[in-house]
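*Asks:* for reference, the sequence and a predicted model appear below.
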Amino acid sequence: MSKAFVDWLEKLKESQSWTAARATLRRSLAFAPGAYPPAFPYVEAFVREEGWQREAHYLVAALYALKDGAHQEGRTLARALKEAERARDSKSVERRFLALLDADRDQIAFRLRQAVGLVEGGLDFAQLLEDLLRWFDPRRRVQARWAREYYGVREEQTQEGIEEVKA
């Protein structure tokens with residue numbers, strides 16, 4: 001379902017109506033997810049349930065528009081944020097990442113928008129939607145996987161650094 005939704009957004013991006021759709025979806029970020037009626041034609045056909053499932057679709061559509069449809073399969077938000085931290089050589093990215101992992105339902109739209117704004121290049125929006133649909137699972141598996149993706153990169157760097165020192 002998530003892939004079908006992003007495939008539809010990709011088709012929309014290729015159409016002449018993308019400019020207007022992009023503006024509408026980006027504008028929807030100023031409202032609670034799913035609360036901006038002009039965005040309904042772009043999202044509502046994919047929504048099967050009320051509540052967080054619906055809000056997650058609106059949020060991903062708006063973030064997709066914010067990134068001008070820069071969909072990059074396999075590039076998760078956690079990895080992209082780690083790349084942003086390295087590029088900026090700043091710990092503020094990590095603080096925002098940790099705040100995002102701890103976000104509750106009232107905070108997540110704002111924190112996701114901030115995080116996505118820090119990222120250069122594309123993101124895997126289908127994976128982002130899948131992750132958001134499971135975000136509030138009490139076992140918090142999505143957050144744990146994101147933390148592994150984010151901090152696992154550091155481990156690889158450390159290992160590379162150790163090998164460079166040995167050489």
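*Replies:* Thanks, I have it. Residues are numbered from 1 along each chain as shown.

*Asks:* so which helix or strand takes in the residue positioned nearest the centre of the chain?
*Replies:* The centroid of the chain falls nearest to residue 128 when counting by CA atoms, centre = their mean (4.9 Å). According to DSSP states H and E, residue 128 maps onto helix 125-133.

*Asks:* and the residue nearest to the centre of the chain, what is it in contact with?
*Replies:* When contacts are counted by CB atoms under 8 Å, 6 or more residues apart in numbering, residue 128 is found next to 60, 63, 76-77. (Each C-beta comes from the backbone N, C-alpha and C, glycine too.)

*Asks:* which residues in the chain form helices?
*Replies:* Listed in chain order, the helices of the chain (DSSP state H) span 2-14, 18-27, 40-43, 52-66, 77-88, 92-101, 108-118, 125-133, 141-166.

*Asks:* okay, those helices, which one's buried deepest?
*Replies:* helix 52-66 (a mean of 23; mean count of other CB atoms under 10 Å).

*Asks:* for it, the distance to its chain's centre please.
*Replies:* How far helix 52-66 lies from its chain's middle: 9 Å, per CA atoms, centre = their mean, to the nearest Å.

*Asks:* just the CA trace of that helix, in CSV.
*Replies:* This file holds the C-alpha atoms of helix 52-66, laid out as CSV (Å, rounded to 0.1, in the frame of the first residue of the first chain):
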residue,chain,number,x,y,z
TRP,A,52,-3.1,8.0,12.6
GLN,A,53,-3.1,5.9,9.4
ARG,A,54,-4.9,8.8,7.6
GLU,A,55,-2.6,11.4,9.2
ALA,A,56,0.5,9.5,8.2
HIS,A,57,-0.5,9.5,4.5
TYR,A,58,-1.1,13.2,4.6
LEU,A,59,2.2,13.8,6.4
VAL,A,60,4.2,11.7,3.9
ALA,A,61,2.5,13.4,0.9
ALA,A,62,3.3,16.9,2.3
LEU,A,63,6.9,15.9,3.0
TYR,A,64,7.2,14.4,-0.5
ALA,A,65,6.1,17.8,-1.8
LEU,A,66,8.5,19.6,0.5
